Each structure stands twice: as C-alpha cells, then as structure tokens.
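S.K.: got a predicted model here, sequence first, then my questions.
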Amino acid sequence: MLTIRGLGKDYGPFTALHTIDLEVADGQVFGLLGPNGAGKTTLLRVLATLLEPSRGQATVAGFDVLRQPEQVRRHIGVVNGGMGLYDRLTGREILRYFGGFYGLRGAALERRIRELSDLLALEEVLDRRAGEFSTGMKQKVVIARAVLHDPPLLILDEAASGLDILARRGLLEFVQRYRAPGKLVLYSTHVMEEVERVCDRVAIIDHGRLLTEGSLAEVRGPHAYLEDAFFELVKRENAGAN
Ligand SMILES: Nc1ncnc2c1ncn2[C@@H]1O[C@H](COP(=O)(O)OP(=O)(O)OP(=O)(O)O)[C@@H](O)[C@H]1O
C-alpha cells in the first residue's frame, strides 16, 4: 500500500527528514510515533502530496506522490488538525458538499452519509450548524469528510488531540473498524497509549530518522511498555548524535 524509498525533506539548511525507507502493507493500523519535531507531520504531508520531498520517492496504492498526485489524492483521506468547516452549514450539508468533490451524488451520497452516521454516531451533528459544534463534534465531521470516498489509505495526524475521553474512544473505535484488507490507517501521534490500543505495527521516528519499525511486540522488545522501549531508542539515538 505504501512504499517509501530514500525519502528526505529539507527546509532550507535544516534537514527535517533524513533518508526514510519504509514499506507498509494494507490490512492494518500502522502507528507513526515520535516526539515533537520528529518529522511525522513532514512525512505525512509528503505522502498526502501537500509537500514536495527534497529527495527520494514514495508511492501510495501504487501511485507516485510526485508524478501522480491526483491519483494519490483520490486514494487517501487526511485528518490533520485543520478543521476548516463552514460555520453556517450543517453537518449533512458539509458532507453533501464534499461528497460532490469525490463524484458522489444522489442516492449513493445519501447512503454513504447514513453509513458514516452509523459508524461515527453523527446523529447529533447532521442537522446542526458547524458554528455550534463542540471540538469532538467537529472532529467527527472532519473524519467523516475524510472517508466519504472510502479511501484505501487514511492518514490521521494527531487526530485525537483536543478530544475528551469519550470522543477519543469513539475515534479509536472507528480506527479499529476501518482496518480491513485493502485498507491502511496511518496513525501518527506522540501518545504511546493510543498506539498500544489501536496499532498493529509501529515506526518510531526522531530527529527525522526512522529508529525502528515492527509489530508492537517487536518494538517493545524486552520492555513491558512501549514507552520504555521508546525512551531507550531515543536515548541511544541522541547519544549517537552527540
Ligand atoms: N515550514 C517549515 N520550515 C522550517 N522548518 C520546519 C517547517 N515545518 C517543520 N519544520 C521543522 O521540521 C521538524 C519536523 O517537524 P514536523 O512538524 O514534521 O514534526 P512532528 O513530528 O510532526 O512534530 P509535532 O509532534 O510537534 O507535530 C521540526 O524541527 C520543525 O521545526
């Protein structure tokens, strides 16, 4: 589903991503874990065709992010913190509006909105205006908007930040249900507990470098908690850099 080869990104003289090589298969929730400034958002923005890499290449569902950005965009859904909802529209109107972008209309669009309403418990937002939504309500609509076209790759960048316990639980349940053959959820966060709860495999990145990748058990290694494995890896990386 996802192939990343020799991918790097510089912002002027600063290298935010060194050489990232990674292959991620479908049928799973894949965690991208790293401290603030590790380069997670940069990597996800490159995969979402929002940012050009400085070197290397990446393909999503077989399409090259640099040469085939339109096809890549049709195969992904992105939730990245930006809400961008029109305050005066209701949840239903927002979903109808964006459904049109994906070529969904008429009965098929209404059916999809009903499906998503069941999956994400949208009843409370469909007929209310976005200007009245709580953060959790907004996030539900943002997620529904991202998956209207049932994309094979769903990219979630710190999607749970700002959500209360209930809304976060709803998000994590949705992520687990999205896992299916032919689908991949890329779940980026710095919260270990979220990774432990929903991810099948995880990559740890720090200072723009991929430190490790594997199943949760592999990455935990001898440690009881992912957090301990994470700190050891990051400590080792920082010692090597000094
Ligand atoms: N537009 C930019 N110009 C210059 N430097 C940038 C730019 N965007 C990001 N950076 C730098 O690149 C590095 C990686 O940032 P990035 O946002 O990808 O990290 P992150 O892992 O998503 O962090 P966080 O968890 O804090 O969101 C950071 O040092 C950041 O300051």
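M.R.: Noted; the coordinates are in hand.

S.K.: show me what the lowest-mean-pLDDT helix or strand in the chain is packed up against.
M.R.: Ranked by mean pLDDT, DSSP states H and E, the weakest helix or strand in the chain is helix 226-241, scoring a mean of 86. Applying 3 or more C-beta pairs under 8 Å, 6 or more residues apart in numbering; DSSP states H and E, we find helix 226-241 packed against helix 192-198, strand 201-206, strand 209-215, helix 216-220. For glycine as for every other residue, the C-beta is placed from the backbone atoms N, C-alpha and C.

S.K.: go again using 10 Å as the cut-off
M.R.: Applying 3 or more C-beta pairs under 10 Å, 6 or more residues apart in numbering; DSSP states H and E, we find helix 226-241 packed against strand 28-33, helix 192-198, strand 201-206, strand 209-215, helix 216-220.

S.K.: with mean neighbour count, mean pLDDT and distance to the ligand added, can I get the ones you listed in JSON lines?
M.R.: JSON lines is the format used below for the helices and strands packed on helix 226-241 (neighbours: other C-beta atoms under 10 Å; pLDDT from 0 to 100; distance: least, C-beta to the nearest ligand atom, whole Å):
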{"stretch": "strand 28-33", "mean neighbour count": "25", "mean pLDDT": "97", "distance to the ligand": "8"}
{"stretch": "helix 192-198", "mean neighbour count": "19", "mean pLDDT": "94", "distance to the ligand": "13"}
{"stretch": "strand 201-206", "mean neighbour count": "23", "mean pLDDT": "96", "distance to the ligand": "7"}
{"stretch": "strand 209-215", "mean neighbour count": "17", "mean pLDDT": "96", "distance to the ligand": "11"}
{"stretch": "helix 216-220", "mean neighbour count": "15", "mean pLDDT": "96", "distance to the ligand": "17"}
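
S.K.: out of these, the one nearest residue 236 is which?
M.R.: Of all the helices and strands packed on helix 226-241, it is strand 209-215 that lies closest to residue 236, at 8.2 Å by C-beta to C-beta.

S.K.: buried residues in the least confident helix or strand of the chain?
M.R.: Using 16 or more other C-beta atoms under 10 Å as the test for burial, helix 226-241 gives 226, 229, 230, 233, 234, 237.

S.K.: so what's the gap between stretch 92-110 and the chain middle?
M.R.: 22 Å (C-alpha atoms, centre = their mean, to the nearest Å).

S.K.: what is the three-state secondary structure of residue 56?
M.R.: Under DSSP: H, G, I helix; E, B strand; the rest coil, residue 56 falls in the strand class.

S.K.: same thing with residue 88?
M.R.: Put simply, residue 88 is coil when judged by three-state DSSP.

S.K.: which residue is the nearest non-sequential neighbour of it?
M.R.: The shortest distance from residue 88 to any non-neighbouring residue, by C-beta to C-beta, 6 or more residues apart in numbering, is to residue 129 (6.0 Å).

S.K.: now the one you found: phi and psi?
M.R.: The phi and psi values for residue 129, taken as degrees, to the nearest 10, are phi -80, psi 140.

S.K.: residue contacts, it?
M.R.: Shown in contact with residue 129 (C-beta atoms under 10 Å, 6 or more residues apart in numbering): 85, 86, 87, 88, 89, 90, 91, 93, 94.

S.K.: give the full set of residues in contact with the second one.
M.R.: In other words, residue 86. Applying C-beta under 10 Å, 6+ apart to residue 86 gives the contacts 93, 94, 97, 129, 130, 131.

S.K.: may I see those residues organised as CSV, with pLDDT, distance to the ligand and secondary structure added?
M.R.: Listed next are the contacts of residue 86 as CSV, based on pLDDT from 0 to 100; distance: C-beta to the nearest ligand atom, whole Å; DSSP: H, G, I helix; E, B strand; the rest coil:
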residue, pLDDT, distance to the ligand, secondary structure
93, 96, 31, helix
94, 95, 26, helix
97, 94, 29, helix
129, 96, 30, strand
130, 94, 25, helix
131, 94, 27, helix
